[in-house]
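Colleague: Provided below for reference: sequence and predicted model.
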Amino acid sequence: MSFLDDGAARLTSSLNEARNDTGRAAFCGPIVLSAITGYSVSRVEQEIRAVRDVSPTRKPAVRGTDAEEVAGALAHFGYNMELTESYMRLPRKERPSLWSWMQKPRNAWIHYILAIHKGKEGHWVLIKGVKLCDTYSEGRWQFVCDGPHKGARIMEVFAVRRALGV
């Protein structure tokens, strides 16, 4: 086993790809957190289960994460997640699409986690600059214009930054 496989964070100058070391399909919350932090999906799931107060002996797949669970796991890894925009007050058809949101000015150096509509359910996607990472790309970064979510409606936008003093 190499040091890259031990679940430790990998700090790189480029974008981290999510590392799914679980041997099964991972869901959007753990994939997005793995790409931000550099930790493996199994390590991220372990922290989400701790936020959910699941017994350490149980290791169910983490699915259906909410904003509080994602923020709690990010805080453990030294990140702050702040709500910057919410479109929940608007009817679904009036909410901006991912593509229209990409046309707005924003900080290219910050990770943005977007809660979007995917069918009848919510889905997390991660944006940095003009690139997107989520489960549909299997944790790899791709240009938003090449991704499958351009027309998806946004529910909420969160900015993620390293916590000061960490």
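Modeller: Perfect, thanks for sending it. It should be emphasised that the depicted structure is a prediction, and the values quoted were computed from it without experimental measurement.
Colleague: since we're on residue 117, how many residues are nearby?
Modeller: Residues within reach of residue 117, counting by other C-beta atoms under 10 Å, total 18. Bear in mind the C-beta positions are built from the backbone N, C-alpha and C, glycine included.
Colleague: Give me the pLDDT for it.
Modeller: As predicted, residue 117 sits at a pLDDT of 93.
Colleague: Which secondary structure state does residue 80 sit in?
Modeller: Under DSSP: H, G, I helix; E, B strand; the rest coil, the three-state class of residue 80 is strand.
Colleague: Distance of it relative to residue 111?
Modeller: Per C-beta to C-beta, to the nearest Å, residue 80 is found 11 Å from residue 111.
Colleague: Identify the contacts common to these two.
Modeller: With contacts defined as C-beta atoms under 8 Å, 6 or more residues apart in numbering, the residues shared by residue 80 and residue 111 are 160-161.
Colleague: higher neighbour count, the two?
Modeller: Neighbours were counted for residue 80 and for residue 111 using other C-beta under 10 Å; residue 111 has more, 23 against 15.
Colleague: Who does that one form a beta bridge with?
Modeller: When bridges are called by DSSP bridges, residue 111 pairs up with residue 160.
Colleague: ok now do it, which residues does it touch?
Modeller: 36, 126-128, 159-161.
Colleague: Low-confidence stretches in the chain?
Modeller: Scanning the chain for pLDDT under 70 picks out 1-14, 165-166.
Colleague: Strands along that one, start to end?
Modeller: 79-86, 111-118, 121-128, 131-133, 142-143, 154-162 (DSSP state E).
Colleague: most neighbours per residue, which of these?
Modeller: strand 131-133 (a mean of 23; mean count of other C-beta atoms under 10 Å).
Colleague: and the contacts of residue 111 as a markdown table, adding distance to residue 72?
Modeller: Converted to a markdown table, the contacts of residue 111 look like this (distance: C-beta to C-beta, whole Å):
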| residue | distance to residue 72 |
| --- | --- |
| 36 | 14 |
| 126 | 17 |
| 127 | 21 |
| 128 | 21 |
| 159 | 17 |
| 160 | 13 |
| 161 | 16 |
